[in-house]
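Participant: predicted model and sequence follow; I will ask about them next.
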Amino acid sequence: MVKKLLGLVLGFSLGAFVGWLVVMLFVPVTGKQLRHNLETNVQNARVAAREAQAKKRAELEAELAALRNER
């Protein structure tokens, strides 16, 4: 069991490192620009997630209010 877990962790770590290395070798921008792009994309994803969460919350609250009014 421990060998399987160790192999999984080692395989995941090695795969992550190889992926990182390939990206660093073939990315067409500098490291600074890449970090800036990643930060911008993460911020955009957070904003989109908050908007989706707010929309879904409003839908669920409206549905709950409708169910309460049916009583």
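Facilitator: Sure thing, it's come through.
Participant: alpha carbons only for contacts and neighbour counts from here, please
Facilitator: Noted.
Participant: quick one: the helices in this structure?
Facilitator: In the chain, the helices defined using DSSP state H lie at 2-26, 31-69.
Participant: mind telling me which of the ones you listed the model trusts least?
Facilitator: If you rank the helices of the chain by mean pLDDT, helix 2-26 sits at the bottom with a mean of 90.
Participant: could you give the angle of that helix to helix 31-69?
Facilitator: Angle, helix 2-26 to helix 31-69, by axes from the mean of the first three to the mean of the last three C-alpha atoms, to 10 degrees: 120 degrees.
Participant: just to revisit the earlier point, JSON lines for the helices of the chain, including mean neighbour count?
Facilitator: Shown next, in JSON lines, are the helices of the chain (neighbours: other C-alpha atoms under 10 Å):
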{"stretch": "helix 2-26", "mean neighbour count": "11"}
{"stretch": "helix 31-69", "mean neighbour count": "12"}
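Participant: what sits up against stretch 19-28?
Facilitator: Residues outside stretch 19-28 that contact it (C-alpha atoms under 8 Å, 6 or more residues apart in numbering) are Gly31.
Participant: how far off centre is that stretch?
Facilitator: Distance, stretch centre to chain centre, for stretch 19-28: 20 Å (C-alpha atoms, centre = their mean, to the nearest Å).
Participant: ok, Leu34 to Asn41 distance?
Facilitator: 10 Å (C-alpha to C-alpha, to the nearest Å).
Participant: can you check Gly31 too?
Facilitator: Noted for Gly31: a distance of 15 Å to Asn41, by C-alpha to C-alpha.
Participant: same check, this time on Glu61
Facilitator: 30 Å.
Participant: can you check Gly11 too?
Facilitator: Counting by C-alpha to C-alpha - Gly11 and Asn41 are separated by 28 Å.
Participant: do Leu60 as well
Facilitator: 28 Å.
Participant: same question, Arg50
Facilitator: Taking C-alpha to C-alpha, one finds Arg50 at 14 Å from Asn41.
Participant: repeat that for Leu8.
Facilitator: As judged by C-alpha to C-alpha, Leu8 and Asn41 stand 30 Å apart.
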